Structure formats: structure tokens, C-alpha cells
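Peer 1: Below: sequence and its predicted model.
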Amino acid sequence: MSKFPDIRFIINPTSGTKSKVDVAARIKLHLNHQKYSHEIVYTAYAGHASDLAREASEKGCSIVVAVGGDGTVNEVARGLMNTDTAMAILPKGSGNGLARHLQVPMDLEGALRVLNEGHTCSIDSGSINGHPFVTTAGIGFDAYISSVFAGNKKRGLQSYVELVLKEVLSYKHLPVKASINGSVLDTDCYVMAFANAAQYGNNAYIAPEADIQDGLLDVCLVRRLDLIKALNLSYCMLTNQLAHSDSAEYFKTKHVQVETEEPMMYHADGEYMGKTATFDVHIQPLSLKVVMPNLAKK
């Protein structure tokens, strides 16, 4: 029986549709073939990357590489959580939230250089109503935008910002009851984001002080929003200052429970999950092994 390759590249062929880069050719050119054997597989349906990643781990694969956007990264991560197989990322999406947080280069050659170095560490992940996430989950406006953006033919930061500006003032806050750190908070909620990593993607920082290895979620609460607050919120997110603005409140916790008077939309890593009136969100400490730059060398 032949040995399973050291690395399995899982490519989402629909990610980065504007890019004409031949990923397989770049892998052949820049991967250290003396160090690693490899194979390339392609996803064919939603959830396929999780199955392919899980299969690789069960067969003893050392590294599974998610080649795609945040959705592909989430799927691969789900297949590798609480295993000894590490996840690496070749970013090809529109946001690339986890790759940016881990300081993986956005170009394929740079990301492959990080892969060749092979530095690994363990990071936290989160779960919202049983759905794992690696960067952020949330209820309210950002989930609503995720639901609309999913059907948008245009991708990328500009399309996302245009959609937010179009919808931001028509979306209404709703009353919620949140249990955080033993206290019950009755409040209005425009957005409640549960951040494991600092940003949504595209360097839009929802929780600038989030630490992906501290065993805690950074909960960001925006109660109400008018035009002035919306502009301030957007500016602070894009300049990494949101934690010090008057637009949002922050809580650090391991577990959050939220009840709403009517069903609210929610997302996990930007993927729309549906609507419900109860939410159970918790951290899963050091549950995912990842390949990232060795920042201690810099």
C-alpha cells in the first residue's frame, strides 16, 4: 500500500474567479519537493472540502492546504479540528480573514514559501449553535449582509462596502438578552459579533484586540446605529481602531448565550447559517493546528 502524500492541496475552483493564475503550476514551481510529497484535489460541492480534509487526516497526511476563500478555509478547518494534521492556506478569496490574521502572504509564491518553512502552532476556534468558525460569527446586521452578499455576483471589498452602505440605515436593531460572564444583559442589538480573530477579512477589524490563542472570544456589541455612527464605525474598522471607539462595546468570555424576541439571522465565518431565536456560542481552545509564518524569527 503506497504512503499517503505529506500534503493534500484542496482547491475550490470557484474561488478567485477573476484570477487567471494556474495554482497547480505555481505549486509545482515553488513547493519544496525534496521536503514534501503532495497531491491536488478539487472540491465539487458545498462541504466537500471538509470531507477531503478529514479523509487526508485519517490517512496520516501531515498538512492539508485550503486553496480558496474564507468558506473553503472554514470547511477545511472543520475537517481537521482536534487532529494532528495542520491546515495551511493559499489565499484566493475576497476577504481572506484567517490568512491575514496569521500574516500569511496574499500572493501564492509567498504563501508557498511559508508552507515550505513548515512552522506550525495551535489556535482556538469557535462554535455557534454547533457550527464551527475560525475567525468570526455574528448575529444581526453582519449576518444579514452575509445572506445578501451570498447571492451577489460581484465579490470583493468594493462590492461589500457598496452593499453595506445601501442597507445600513434600513436595517433595524432588535432587543436581545445575552448571558455573558455570569451577567444577563438586556439590550438593543444591531450587531453582536463573536470574534476569535481580529478581522472579518480585507483588513476590516471588528475586534482589534482579539488573540487567536487566548481561549477567549471577543464579543463586540453595537446597540444602535445612525448615519454618523455608521460612518464612524466603518472608519474605525478600516483603521484598526474599533476597540477604542464609542460605537461598540467589548466583552471577553468563553461562552455566550443569547435569546431574541424574534428570530435573527446569523453567520459563521461569513457564511449565512439561517435564522433562530436562541444562540449558544463558545470557544474551543487550541483546537486547530495551522501553518503560519514563524514570527519569532522576524
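Peer 2: Here it is on my side, so go on.
Peer 1: in the chain, which helix or strand is least confident?
Peer 2: helix 157-167 (a mean of 61; mean pLDDT, DSSP states H and E).
Peer 1: Show me what secondary structure element comes after that one.
Peer 2: Sequence-wise, the next helix or strand downstream of helix 157-167 (DSSP states H and E) is strand 174-180.
Peer 1: what does the next helix or strand along the chain from that following strand rub up against?
Peer 2: For strand 174-180, the succeeding helix or strand toward the C-terminus, using DSSP H and E, is strand 183-189. With contacts defined as CB atoms under 8 Å, 6 or more residues apart in numbering, strand 183-189 is touched by 139-140, 173-179, 221-224, 260, 264. For glycine as for every other residue, the C-beta is placed from the backbone atoms N, C-alpha and C.
Peer 1: and residue 21, that's in a strand?
Peer 2: No. Applying DSSP: H, G, I helix; E, B strand; the rest coil, one finds residue 21 to be coil, outside a strand.
Peer 1: How many neighbouring residues does it have?
Peer 2: Per other CB atoms under 10 Å, the neighbour tally for residue 21 reads 11.
Peer 1: That one contacts residue 108, doesn't it?
Peer 2: Yes. Counting by CB atoms under 8 Å, residue 108 is a contact partner of residue 21 at 6.4 Å.
Peer 1: Which positions within the strand ranked longest in the chain qualify as buried?
Peer 2: Using DSSP state E, we find that the single longest strand of the chain is strand 271-291. Judged by neighbour count using 16 or more other CB atoms under 10 Å, the buried positions of strand 271-291 are 271-273, 279, 281, 283-284, 287-291.
Peer 1: orientation of it relative to strand 174-180 in degrees?
Peer 2: Between strand 271-291 and strand 174-180, the angle comes out at 30 degrees (axes from the mean of the first three to the mean of the last three CA atoms, to 10 degrees).
Peer 1: Show me what strand 271-291 is packed against.
Peer 2: The contact analysis (3 or more CB pairs under 8 Å, 6 or more residues apart in numbering; DSSP states H and E) places strand 271-291 against helix 70-80, strand 86-91, strand 120-128, helix 141-149, strand 217-222, strand 255-268.
Peer 1: quick revisit: show me the two of the contacts of strand 183-189 that sit farthest apart.
Peer 2: By the measure CB to CB, 179 and 224 form the most distant pair in the contacts of strand 183-189, at 21.1 Å.
Peer 1: First-to-last residue distance for stretch 43-63?
Peer 2: Length of stretch 43-63, first residue to last, CA to CA, to the nearest Å: 17 Å.
Peer 1: Just the CA trace of the longest strand of the chain, in PDB.
Peer 2: Output in PDB follows, covering the C-alpha atoms of strand 271-291 (Å, rounded to 0.1, in the frame of the first residue of the first chain):
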ATOM      1  CA  GLU A 271     -21.400  32.100   5.600                       C
ATOM      2  CA  TYR A 272     -25.100  32.700   6.200                       C
ATOM      3  CA  MET A 273     -26.500  30.000   8.600                       C
ATOM      4  CA  GLY A 274     -30.200  30.900   8.800                       C
ATOM      5  CA  LYS A 275     -32.500  32.300  11.400                       C
ATOM      6  CA  THR A 276     -33.200  31.400  15.000                       C
ATOM      7  CA  ALA A 277     -34.100  33.000  18.400                       C
ATOM      8  CA  THR A 278     -31.500  31.200  20.600                       C
ATOM      9  CA  PHE A 279     -27.800  31.200  20.200                       C
ATOM     10  CA  ASP A 280     -25.100  29.300  22.000                       C
ATOM     11  CA  VAL A 281     -21.600  30.400  21.300                       C
ATOM     12  CA  HIS A 282     -18.400  29.100  22.900                       C
ATOM     13  CA  ILE A 283     -14.600  28.900  22.300                       C
ATOM     14  CA  GLN A 284     -12.700  25.700  21.600                       C
ATOM     15  CA  PRO A 285      -9.200  26.400  22.900                       C
ATOM     16  CA  LEU A 286      -6.200  25.300  20.800                       C
ATOM     17  CA  SER A 287      -8.400  23.000  18.700                       C
ATOM     18  CA  LEU A 288      -6.800  23.600  15.300                       C
ATOM     19  CA  LYS A 289      -3.200  23.200  14.100                       C
ATOM     20  CA  VAL A 290      -2.100  25.700  11.500                       C
ATOM     21  CA  VAL A 291       0.900  26.500   9.300                       C
END
